[in-house]
Every structure is written in structure tokens, then in C-alpha cells.
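1. Structure for this input, please:
(one chain, ligands or ions: 1)
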Amino acid sequence: MTSEASAKVIADFTAFSATTRRRAPLYSSISARIADAPLLLNLMLAAPEPARVPVNLFAAVHDLLLADRSDRLARYYPNLTKEPDRGDPMPEFLAFCSARAPLIQASLATRFPQTNEIGRSALFLAGFDHLESGPLAHLDLGASAGLNLMVDKLAYRDADGGVLGSSEVVLDCKIRGEPGRLAGSLPEIRTRLGLDIAPIDPSDAAGLRWLKACVWPDQADRFHSLEAAIELLGRHPVVIRRGDVVDDLASAVDAVAGGGHLVVTTSWVLCYLEADRQRAWLSELERLGARLDLSWVWAEAPSQVGVLPVAPGLAASESTLLGVTTWRQGVRSDRTLARCHQHGYWLHWL
Ligand SMILES: C[S@@+](CC[C@H](N)C(=O)[O-])C[C@H]1O[C@@H](n2cnc3c(N)ncnc32)[C@H](O)[C@@H]1O
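-> So this is what the prediction gives:
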């Protein structure tokens, strides 16, 4: 392995350390010392080049720690212990990695970080509230493990402490602007389906653990919400088809339509498509909208998704925006509803 490759890994970890100092102090402090940790450097250099990103190493280690939470390393992880040790985590981190080097290497060679953010259900709820009342057929594109197919199974806390819904998984989404609430009621979802090019099987414990492992331990609240949502998913199984959002959209629509008004959702998925595929996706949705009434609720960032139907003043926005596009008797209409936190922690009505 060239020294150029080592220098790149060191530079990437150093940059990661700088950007995460406030949000992820645990990973930041370990990253800052990569140059003095030949074990970590060698693990990274043994991985295929696209996999040599800091978050991939940290997810691989976190995953193994979640499988053995009694290991001494856990005491440095704010999501795994009530009073985390604020001392130097490096000796335990290195000991943990040294004892499991082949497993970490295998993980780096075969997996890449994957996310499914339950907080985005609050954004979908706010979008659904702008549709006509009546039962829905929910098709979530880029559904990952399908957590956001449980919009009606969650509860949502208002700024004044009121809670909409009754569920052990309660989302807090701070509201700014009018109306001062997310939604008037929960939707009635009659049928639901997810579509994803690389789905996490909601019944696969290892896949779900990987999803948890990809959350940063310093974001303990996010980790605990995800754990609770995964538990809920176990009691409300959903189906996720493997497929592409462009090529397999029509067949997914056929599979779910008929169960109620069809609502297609996308949250942080269209940004993964090249510009020409984004255009192809929208044309496909247009084609379907010409033949059946449907709605598209989206939570995406316009700067990364050129096809979002936003006003010119919002087209370069790097914020996550929430919008609803509807087709009724072939007539399309677009509304941008709100600016949001990308994980759904707040929503500002426009
Ligand atoms: C950042 S994750 C977001 C997951 C979920 N929508 C959420 O908000 O939590 C993006 C998801 O899009 C999926 N994806 C990316 N490109 C896709 C494609 N062409 N077709 C279907 N799914 C795709 C990925 O596999 C991943 O699960």
C-alpha cells in the first residue's frame, strides 16, 4: 500500500475529527489520533478504496460492540452507558479492534453505512395532513428498513406538551410558524409498501443492528429512538421490495394501489440519483399521475435534487424542504410546505 494511500486516510480522519468535534466528540477524539494507530490505518488500507471512510470503520466497531455490550469499550459510548467515561477511549478502542481485526476487516470489505431516520415520519405526517381525508396506500421510495412506513403507528409531541397518537415511540418535532402543529389527526393507512435498491430486511436482526451501528454514539437520543422504532417495526411488519425507484416504480404502484389514495413518499433518496435519473423518475411519476390520482410527499434538499418543484428562490436551498405534489384527474399541482431539520427535529411552515 502506498504512502499516498496512508496519507489520504490520515487526511480523511483528520478532517472528520475537525468537523465532528462538537457533534461526535467520541469519534472525533479517536479520529484525531489515526496517524499514531497503525492497527486502524492498516484496517482502513486493507479495505476497498470506496469503503475507506471514517464512518465505515466506526460503524463496523459499533456493530460489534452492540453484539457484546458488556465489553469495557462500551463505557465510553454515550448511547450504551448512563454516565459515559470522559477519559481517553483510545486504549480500549485499540484493544477492541485488535481482538476483532478479521471481523472488522470483513465488515469494511462488504458493507457501507446505511440509514433510516424515524424522525422523518413527522415530516411525512405533516405532508399527509395536506391531503384529502380518507384511507391511504403508502409507497415509500428508498425505504431502507421501512421505518417511515409506520407514520400512523407513532405518536407526536406538540410544543405545548400535547401528544397526537398513542404509541411508545413518541417523536418530538418542534414547530415554527402557522399552523402551530404538525397535523390535526393521524392518517388512516390501509396498505403500505417500501421500495429500495439495497433494502434492509426488517426481519433480519443483523441488518437492523447495522442500522443502529451507523448512528453516532454521541447522538444517544437518536440511537434510542431508532431502537424503539425497530422494536415497533417487529410488531408491525412491513414489506420492502428490492428495486430501483425509476425502473420499478410502476410495478410497485400497481402492487399498492387500490388500497386507498396512493401517496408516494421520498425522503433523502432522490439525491442518490444522477440528474438524468432524477428527470427520468419525475417523468415516470408524471406518466402514472396522468392515469391515476396520486400524491407525492417529499422531504429533500433542492440543492441536491434539481427536479424538486420549488419556487426559483428556493432552488439552491441546502435545507431539507417538505412539499406535496398532487395529480387529480391528470392535473398536477405543487406546494412547498415547510423548511425542516433533515432528521425531522423541527419544522418551520412556510
Ligand atoms: C439516506 S437513505 C434514506 C432512507 C429513508 N428514506 C429515510 O429517510 O430514512 C437513502 C436510501 O435510498 C436508497 N436508494 C438509493 N438509490 C436508490 C435507487 N436508485 N432506487 C431505490 N432506492 C435507492 C438507499 O438504498 C437508501 O436506503
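2. and the protein, which of its residues are near the ligand?
-> 114-117, 120, 142, 144, 148, 195-198, 244-245, 267-269, 272-273 (Cβ under 6 Å from any ligand atom). No exception for glycine: its C-beta is placed from N, CA and C like everyone else's.
3. Around the residue in the chain positioned nearest to the ligand, how many other residues sit close by?
-> Closest to the ligand within the chain is residue 142: 3.0 Å, counting by Cβ to the nearest ligand atom. Number of residues near residue 142 (other Cβ atoms under 10 Å) recorded here: 22.
4. that older thread, quick check on the residues of the chain next to the ligand: which are buried?
-> Buried by 16 or more other Cβ atoms under 10 Å: 114, 116-117, 120, 142, 144, 148, 195-196, 245, 267-269, 273, out of these.
5. Output the residues you listed in JSON lines, with secondary structure and pLDDT appended to each entry.
-> JSON lines is the format used below for those (DSSP: H, G, I helix; E, B strand; the rest coil; pLDDT from 0 to 100):
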{"residue": "114", "secondary structure": "coil", "pLDDT": "93"}
{"residue": "116", "secondary structure": "coil", "pLDDT": "96"}
{"residue": "117", "secondary structure": "coil", "pLDDT": "96"}
{"residue": "120", "secondary structure": "helix", "pLDDT": "98"}
{"residue": "142", "secondary structure": "coil", "pLDDT": "98"}
{"residue": "144", "secondary structure": "coil", "pLDDT": "97"}
{"residue": "148", "secondary structure": "helix", "pLDDT": "98"}
{"residue": "195", "secondary structure": "strand", "pLDDT": "98"}
{"residue": "196", "secondary structure": "strand", "pLDDT": "98"}
{"residue": "245", "secondary structure": "coil", "pLDDT": "98"}
{"residue": "267", "secondary structure": "strand", "pLDDT": "98"}
{"residue": "268", "secondary structure": "coil", "pLDDT": "97"}
{"residue": "269", "secondary structure": "coil", "pLDDT": "97"}
{"residue": "273", "secondary structure": "coil", "pLDDT": "97"}
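6. and residue 66, which of the three is it?
-> helix (DSSP: H, G, I helix; E, B strand; the rest coil).
7. doesn't residue 209 make contact with it?
-> Yes: between residue 66 and residue 209 there is a contact at 5.4 Å, judged by Cβ atoms under 8 Å.
8. If I look at residue 190, what pLDDT would I see?
-> The score at residue 190 is 96. That number is its pLDDT.
9. can you check residue 1 too?
-> At residue 1, pLDDT is 53.
10. what does residue 131 give?
-> Residue 131 is assigned 96 on the pLDDT scale.
11. Tally up the residues packed near it, please.
-> 15.
12. Which residue is the nearest non-sequential neighbour of it?
-> Spatial nearest neighbour of residue 131, excluding adjacent residues (Cβ to Cβ, 6 or more residues apart in numbering): residue 295 at 5.4 Å.
13. Repeat that for residue 69.
-> residue 80 (5.7 Å).
14. re the thing from before, how about the nearest residue to the residue of the chain closest to the ligand, chain neighbours excluded?
-> In space, residue 142 is closest to residue 269, 2.6 Å off (Cβ to Cβ, 6+ apart).
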